[in-house]
Structure formats: C-alpha cells, structure tokens
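Colleague: this one's sequence-less:
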DNA sequence: GGCCGTTAGTTGCAATTGCAACTACATAGG
DNA sequence: CCTATGTAGTTGCAATTGCAACTAACGGCC
C-alpha cells in the first residue's frame, strides 16, 4: 500500500485488515462461550473430514500440518494439548515406522459440533452478510485458484 | 465448513486458508531478504501515511493499534523494538498528558521504501496475478464494507 | 545385509503475543 | 476545589509460536 496503489493492492490491504478484524472477533466469541480457540476447531474439522483418506479418519501429522497451514512443530504441540484434553488420539502409523497418525475421539467430535454454531454465527454475520451468493462463489473460486497455484509451486 | 457448506462458508474457508498461506510466504520473503517482519512494515506504512492527521505525522499509540489491528500492549512492545532499532520515535502527546505519539524517523522511512519492493513482488505474484482489475475492485469494495460495518459495531 | 542421504516427528530455546493488573492523567459532578 | 469514574499507555506473566537441532526410521544402492 504505497501512495499510488492500484486496485489489486487495495484489495490486498482490505483483505488483510478484514481478516485480522474478523478473526479477532471470532476468537472472542469462542472465548466468551468458554470454548477453545479457532485453531482447535480447525484441527477437529480437518480430522472429521479426513475419512476419505487411505487411513479412514486418520491423518499423518504432516498432512494435518499442511491442511491446517501451521508448522509441523506447531501441530505437535497443538495435538499434545488436544490429546491431553481427550479430543484426539495418536497412534503409530502402520505403514511407516517414523510416522504418527491422529484421530478424532467421540469427545472431539462432540466438541466440534458444539463449536460450529458459534463459529457459523460469526461467519454469517461478519462475512456472509456482505456477500451475494454469486459474489461468494466468485470469491471462493478466486481464492481457490490462489491456493492451488501456491501449492503447485510448493508441493 | 460443515458437511453441507454453502458458497459463503466455502468462501470463508478459502479466504482464511489463502491468507495463511500467503502471509507465510510473505514473511519468508522478508526474512530471506534480511528484512524485518510484516508487522514492522505495517507500522512504518501507517505512520508514513498519518500526515493527514491533526498531529502531522504523529500518531497516538491507540490509533496506531487500531489501524494495525493489534492489541495496545502489542503496539507498546512493537514500538519498543522499532524505537530501539531507530525506526520510530516516541514523544509525549502535547494535548494529553497520558498520551504518547509515535513518528517515523528518516531511517524508518528509508526502511519502508526498501521493504516495499519485496512486499509488492509477493502481493503481485501471489495475489494480484489471480485477479482481474474489475474483480480486484469488487473485492476491495466488499472487504471495505465488512471493515466499515465491523467498525460501526465496535467504534 | 549394510551404508547414505532423506524424511517424520519431537523438543529446546528464544521471540512474540494477549490478558489482566497497574500507574498516571483527564474529565464530570458535586 | 475535590472526589469519582474512565481512559492511555505500560508491564508482569503465562501461553503460543517458529526455527533449528535432534532422533528414529525409510529407501535406494553397492
């Protein structure tokens, strides 16, 4: 955002600011409801939707890290805390002696279900309310392009 | 992002993921160029563009915090580090004995100028390249709406 | 089979962050 | 004028985070 910024740069600036504001508010909403932070929700959701994988609901730590967009060491600690809270379980990977797989426990599944309405409400009022259906699709498609192109560069 | 997610929720999910990936890459680009993190750039840029204000290039700490979307305590530490690095200076606010104002030093201005090309390159290739001019304007306008509506709720 | 370069995950350590408590000052009301 | 209430900024402390170093184990190759 220099003095003369074109529309793309303005879009970037708003993009960053909007997300910072909304995430702040979402975290606050979780905290008010005495629920864990968004990062936990992400992990729970990723694990819950990992059933398509080869390992039926189990996910390698590195895959979890990639999907949640956090560092591997961060996933380790995150999983530590969530395991201590009884939300996920870790097992040795059957195919790879070095590997570890994480799964959701029933308690973890229940917590995700409890967190979702709180999350959804924030998404709807802060984000969705400002988007037409067509616009939402366009934005989803555009960002998906960015994500794909990014991953193509860093596989 | 539940099982049946409408387009707005998908848009939100992509929005969050895209930003996490891009910010990660941008920080890496700054680090590779031996430059400070993005948070420093933000502060430098905000201060450089604060000349419009009543205080001519000086900004109250709380205003800086609001514009950078960080907590007040965080602004204090951030400013501490940047002051130690000679990039900003702090003075007592003339209008308010409790207040402090921050300004850019020449060195700070120079650093921002040096960081911008690195930042711009990342924005252009990771973000701008996937946006048509019209689309960029739409996105900028939409996110601006979100930000404004948000601030109206929390003034 | 045994060695070598890679990869998976964890851990130590230092840096960043947020929340809550605190000090200093400002402003309103009596 | 003086007290009461609120605000600005900083700081202590605990939690989260990333980077780099480490260990264990895979896979190719001789």
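Modeller: The structure has been received and is ready for your questions. Not measured: the values here are computed from a predicted model.

Colleague: For DNA strand C, see how far away the residue nearest to the spatial centre of chain A is.
Modeller: Nearest residue to the geometric centre of chain A (CA atoms, centre = their mean): residue A:42, 3.7 Å. Per CB to the nearest atom of the strand, to the nearest Å, residue A:42 is found 16 Å from DNA strand C. The C-beta positions use only the backbone N, C-alpha and C, and glycine is treated the same way.

Colleague: got the contact list for that residue?
Modeller: Taking CB atoms under 8 Å, 6 or more residues apart in numbering or on different chains, we find residue A:42 in contact with residue A:68.

Colleague: Can you say which helix or strand has the residue of chain A found nearest DNA strand D in it?
Modeller: Residue of chain A nearest DNA strand D, by CB to the nearest atom of the strand: residue A:97 (2.0 Å). Secondary structure assignment for residue A:97, by DSSP states H and E: no helix or strand.

Colleague: helices and strands around the helix or strand where residue A:102 lies, which ones?
Modeller: Under the criterion of DSSP H and E, residue A:102 resides in strand A:100-104. Counting contacts by 3 or more CB pairs under 8 Å, 6 or more residues apart in numbering or on different chains; DSSP states H and E, strand A:100-104 packs against helix A:38-48, strand A:59-60, helix A:61-68, strand A:88-92.

Colleague: Enumerate residues external to it that contact any of its residues.
Modeller: Contact with strand A:100-104 is made by A:44, A:47-48, A:55, A:57-61, A:64, A:79, A:87-93, A:112, as judged by CB under 8 Å, 6+ apart.

Colleague: let's go with 10 Å and repeat that
Modeller: Defining contact as CB atoms under 10 Å, 6 or more residues apart in numbering or on different chains, one finds that strand A:100-104 is touched by A:43-51, A:53, A:55-64, A:75-76, A:78-79, A:82-83, A:87-95, A:108, A:110-112.

Colleague: what's the average pLDDT for the top helix by length along chain A?
Modeller: Longest helix of chain A, by residue count under DSSP state H: helix A:7-32. Mean pLDDT, helix A:7-32: 95.

Colleague: tell me what it is packed against?
Modeller: Applying 3 or more CB pairs under 10 Å, 6 or more residues apart in numbering or on different chains; DSSP states H and E, we find helix A:7-32 packed against helix A:38-48, helix A:106-122, helix B:7-32, helix B:38-48, helix B:61-68, helix B:106-122, helix B:133-153.

Colleague: touching DNA strand C at all, that helix?
Modeller: Yes. Judged by CB under 7 Å from any atom of the strand, helix A:7-32 comes into contact with DNA strand C through A:27-28, A:31.

Colleague: Run the angle between the strand holding residue A:102 and helix A:106-122 for me.
Modeller: For strand A:100-104 against helix A:106-122, the angle by axes from the mean of the first three to the mean of the last three CA atoms, to 10 degrees is 70 degrees.

Colleague: so what strands line up beside strand A:100-104?
Modeller: Sheet pairing for strand A:100-104, assigned by DSSP bridges, gives strand A:59-60 (antiparallel), strand A:88-92 (antiparallel).

Colleague: among those strands, which is the most enclosed?
Modeller: Among these, strand A:59-60 has the highest mean neighbour count (mean count of other CB atoms under 10 Å in any protein chain shown), at a mean of 22.

Colleague: which residues touch it?
Modeller: Residues outside strand A:59-60 that contact it (CB under 10 Å, 6+ apart) are A:43, A:46-47, A:49-51, A:53-54, A:65-68, A:88, A:93, A:95-96, A:99-104.

Colleague: Just the buried ones among those residues, please.
Modeller: Buried by 16 or more other CB atoms under 10 Å in any protein chain shown: A:43, A:46-47, A:49-50, A:65-68, A:88, A:100-104, out of the contacts of strand A:59-60.

Colleague: Max pairwise distance over these: which two?
Modeller: A:49 and A:100 (19.2 Å; CB to CB).

Colleague: got the contact list for residue A:144?
Modeller: When contacts are counted by CB under 10 Å, 6+ apart, residue A:144 touches B:10-11, B:13-14, B:17-18, B:130.

Colleague: Include neighbour count when you put those residues into CSV, please.
Modeller: Converted to CSV, the contacts of residue A:144 look like this (neighbours: other CB atoms under 10 Å in any protein chain shown):
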residue, neighbour count
B:10, 18
B:11, 25
B:13, 18
B:14, 20
B:17, 19
B:18, 24
B:130, 21
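
Colleague: Spit out the contact partners of residue A:122.
Modeller: With the criterion set at CB under 10 Å, 6+ apart, residue A:122 makes contact with A:22-23, A:25-30, A:38, A:128, B:12.

Colleague: If any of those are buried, put those into a ChimeraX selection.
Modeller: To isolate the buried members of the contacts of residue A:122 in ChimeraX, using 16+ other CB under 10 Å:
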select /A:22,23,25,26,29,30,38,128 /B:12
